[in-house]
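*Asks:* Predicted model, plus sequence, below.
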Amino acid sequence: MDGDHQNAKPDVLVNAEPMADFFRTLANARRLRILAVLAEEPRHVGELEDLLGYDQPYVSQQLARLRADGMVVGERYGRLVRYRVVDERVEPVLRLVYRFQTAPQDSRVGKS
């Protein structure tokens with residue numbers, strides 16, 4: 001175990017808490033779906049409701065969390081606010097999630 005600790009990159013050890021916060025935000029399946037849709041193109045709350053089937057208060061609540069965590073921003077266009085992903089870490093993580101989901105069952109991590 002000590003050998004593993006010595007081989008860890010120092011920046012990972014120092015930045016472990018912010019990284020854990022980032023992944024805690026992504027750990028909610030519905031937030032992950034919202035981010036996946038927003039990564040495709042900016043959308044307003046009504047579009048997210050229609051695409052994902054979540055009600056407006058829930059979508060707004062999750063967008064507030066994603067905004068507070070710095071993952072998305074809202075930009076006003078007339079009466080609508082369009083949300084878009086601004087955290088550059090989100091899209092690479094989503095690509096990794098997609099790759100994991102589409103990997104053959106026998107090649108997934110932890111499979112013997």
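*Replies:* Cool, the structure landed.
*Asks:* any low-confidence regions in the protein?
*Replies:* 1-13, 106-112 (pLDDT under 70).
*Asks:* again, only this time at 90
*Replies:* Flagging of the chain using pLDDT under 90 yields the residue ranges 1-20, 97-98, 100-112.
*Asks:* Now Asp87. Nearest residue, chain neighbours left out?
*Replies:* Met71 (4.3 Å; C-beta to C-beta, 6 or more residues apart in numbering). No exception for glycine: its C-beta is placed from N, CA and C like everyone else's.
*Asks:* ok, now how distant is that neighbour from Pro92?
*Replies:* 13 Å (C-beta to C-beta, to the nearest Å).
*Asks:* who has more neighbours, the two?
*Replies:* Taking neighbours as other C-beta atoms under 10 Å, Met71 and Pro92 compare with Met71 leading, 22 against 9.
*Asks:* correct me, but the more buried one touches Val85?
*Replies:* Yes. The criterion here is C-beta atoms under 8 Å, and Met71 meets it with Val85 at 6.4 Å.
*Asks:* Now list whatever residues contact both of those two.
*Replies:* Both Met71 and Val85 are in contact with Leu35, where contact means C-beta atoms under 8 Å, 6 or more residues apart in numbering.
*Asks:* Can you tell me how far the residue nearest to Asp87 is from Ala16?
*Replies:* In terms of C-beta to C-beta, Met71 sits 19 Å off from Ala16.
*Asks:* Likewise for Ala36?
*Replies:* 26 Å.
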